[in-house]
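Asks: here is a sequence with its predicted model. Questions after.
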Amino acid sequence: MPSRWLGVLVSVARALGFIASAWVLLYVAFPLGLALDLPMALNIALAWASGAVLQGLGLSVARSGALLAMGNGAVRVADVCNGVGEWLLLAGAMFAIPQAGWRHRLLGMVTGGLVLSTLNIARISLLLVLRADAPAWFGVTHEQFMPLAVVLAIVGCFFLWLRRLPREMAARR
């Protein structure tokens, strides 16, 4: 096997190892009571932030844990909605680039996490408004438009991060 393909396989294995390790920690260790339930804490924090955004816009929102209610509509932030899987995908892709230094990787992971979290808060807020005021649009927005927006955000963050590789690292490509 040519050394180029070996490098590709090593990069893919690194990314998959990172994603799998983080997934096991978040979704196996925490639910088994081996550690704090971080996914639920994140769900509640996202619901709180989304409710705060809507209240800041003058809307009346009730919050209870990961549940948000407004008018006749309600949404619950579930584990699959909290953005952890999307962040792990972005972080795994960044982790797989051998030319990137640890400082650049960590900066990209933190910045990407902030971008994805901001998008997720806006997404949850919009979905609650749609559930309450335009329920016919909720399903298509939740299942079609929002996943596309998240994928585009992940790809955009990754390519922007790649463009920002320090020159000496990019020269090693």
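Replies: Noted; the coordinates are in hand.

Asks: what helices and strands are in contact with the strand or helix carrying residue 147?
Replies: In this structure, residue 147 sits in helix 146-163 according to DSSP states H and E. Counting contacts by 3 or more CB pairs under 8 Å, 6 or more residues apart in numbering; DSSP states H and E, helix 146-163 packs against helix 84-95, helix 102-133. For the C-beta atoms, the positions are set from N, CA and C on the backbone; glycine is no exception.

Asks: average model confidence for the shortest one?
Replies: For helix 84-95, the per-residue pLDDT values average out at 87.

Asks: what does the last one give?
Replies: Computed over helix 102-133, the mean pLDDT rounds to 92.

Asks: how distant is that helix from the center of its chain?
Replies: Distance of helix 102-133 from the chain centroid (CA atoms, centre = their mean, to the nearest Å) equals 6 Å.

Asks: tell me the buried residues in that helix?
Replies: 104-105, 108-109, 112-113, 115-117, 119-121, 123-132 (16 or more other CB atoms under 10 Å).

Asks: follow-up on the earlier one: any chance of JSON lines for the helices and strands packed on helix 146-163, columns distance to residue 62?
Replies: Below are the helices and strands packed on helix 146-163 laid out as JSON lines (distance: least, CB to CB, whole Å):
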{"stretch": "helix 84-95", "distance to residue 62": "25"}
{"stretch": "helix 102-133", "distance to residue 62": "10"}
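
Asks: looking at those helices, which is closest to residue 39?
Replies: For residue 39, the closest of the helices and strands packed on helix 146-163 is helix 84-95, at 6.4 Å, according to CB to CB.

Asks: ramachandran angles for the residue lying closest to residue 162 once chain neighbours are set aside?
Replies: Leaving aside its sequence neighbours, residue 162 sits nearest to residue 97 (CB to CB, 6 or more residues apart in numbering; 7.3 Å). As for residue 97, its main-chain torsions (degrees, to the nearest 10) stand at phi -80, psi 110.
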